[in-house]
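> after the sequence you'll find the predicted model.
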Amino acid sequence: MAGDPKLLIVDDNAAVCSALEAYMLRVAGWPVVLTAPDAGRGLLLAAEHAPEAIVLDNRMPGGDGIEILADLRRACPTARIIMHTSESTTDLQLRAHELGADAIVEKGRPLDELAALLAVA
């Protein structure tokens, strides 16, 4: 539905997208979950749907998440943006926060931690 809160997941790994989508719909209660397999499609969906929250992988073919982070922040200034990545270096954390990420969650952490960071108040 048009007024329902939307979550956007941007990750090139289809299994990760599918698992996150299922969890966020069934367990976390997101009524609308959109997925994008790459950075370019993620930017298009963000601009088109103005999601309230975004889960963003970093390493993807065709553009890393960190490269589109500032563009996502401009497209969705009030969205919660969480980097969900297998690499969580101090440099990446600092850069992600500078570019507009609200948090970084390492892949493999319990999904309830990610869901809590995405919760729409």
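Great, that's in hand.
> so the closest residue to Arg41 other than its chain neighbours bridges to which residues?
In space, Arg41 comes closest to Val10 once its chain neighbours are excluded; the distance is 7.7 Å by Cβ to Cβ, 6 or more residues apart in numbering. Yep, even glycine has a C-beta here, placed from its N, CA and C like the rest. Under DSSP bridges, the beta-bridge partners of Val10 are Ala36, Leu56.
> could I get the contacting residues of the residue most central in space within the chain?
Most central in the chain under Cα atoms, centre = their mean is Val55, positioned 1.2 Å from the mean C-alpha point. Contact partners of Val55, counting by Cβ atoms under 8 Å, 6 or more residues apart in numbering, are 7-11, 20, 82, 84, 114, 118.
> what about those, which are in strands?
7-10, 82, 84 (DSSP state E).
> of these - the most surrounded one?
Highest neighbour count within those, by other Cβ atoms under 10 Å: Val10, with 29 neighbours.
> you'd agree it is up against Asp57?
Yes - counting by Cβ atoms under 8 Å, Asp57 is a contact partner of Val10 at 6.2 Å.
> who touches both of these two?
Jointly contacting Val10 and Asp57 under the rule Cβ under 8 Å, 6+ apart are Gly65.
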